[in-house]
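Novice: let's see this in three dimensions:
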Amino acid sequence: MLHNVLSQLDKLMTFERADAHCDIPCKIYDPQIAQVAALSVIRFVDLIQEIAAKDELTVADQAQLSRLVREKEIHAAKVKDEVRTMWGDYFKQPQFEKYPNTNELVHSIMLAGSACKQHITREPAEKLLTLVNEFAASFWATKGVDTFTATCPYPPEEQVVYPKLG
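Specialist: The predicted structure is shown next:
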């Protein structure tokens, strides 16, 4: 009955839906999503620059440019959301003691993500990936997992921190 009342109220008021990582301590956290999103930001900037290099833009180019800018901003926000969730849900006092610069690093990632939304140049996007890689390395270290750095096998072919598994 309560569900029906709330459903009807939701239809009348059209409350905004919220999505969040659940508050059940599943212990499933992985910085890979943030890393792929940061790589995507770099790739979108590269594609935007390819369009910008053209002498004239067709309607199709303009539409593609709009989509690329939109996706760049969505992925920059995704980086921020993923890192914020891991910082808020996973990192506790023992991790902060081991990595005392975590709060500063997360704040730098938030600022870099915002800079990526504001600009269409590669430098802020590369900085974002560098910071997210630093976050990934410290995250894996808190779990006792060694890491290695390698070039990702797809554009933009940047260096990424990976966990050594198995």
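
Novice: all helices of this protein, in order?
Specialist: 2-13, 32-52, 59-89, 93-98, 102-118, 122-142 (DSSP state H).

Novice: figure out how far the fourth one is from the centre of its chain.
Specialist: Using CA atoms, centre = their mean, to the nearest Å, the mean C-alpha position of helix 93-98 is found 23 Å from that of the whole chain.

Novice: now the second one
Specialist: Remark: helix 32-52 is offset 11 Å from the chain centroid, using CA atoms, centre = their mean.

Novice: helices or strands up against that helix?
Specialist: helix 59-89, helix 122-142, strand 159-163 (3 or more CB pairs under 8 Å, 6 or more residues apart in numbering; DSSP states H and E). All C-beta atoms are positioned from the backbone trio N, CA, C, and that covers glycine.

Novice: count of neighbours near residue 85?
Specialist: Per other CB atoms under 10 Å, the neighbour tally for residue 85 reads 15.

Novice: do the same with residue 89
Specialist: Neighbours of residue 89 (other CB under 10 Å): 16.

Novice: residue 27 is in contact with that one, correct?
Specialist: No. Residue 89 lies out of contact with residue 27 (CB atoms under 8 Å); the separation is 9.6 Å.

Novice: JSON lines for the helices and strands packed on helix 32-52, including distance to residue 110?
Specialist: Shown next, in JSON lines, are the helices and strands packed on helix 32-52 (distance: least, CB to CB, whole Å):
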{"stretch": "helix 59-89", "distance to residue 110": "6"}
{"stretch": "helix 122-142", "distance to residue 110": "10"}
{"stretch": "strand 159-163", "distance to residue 110": "19"}
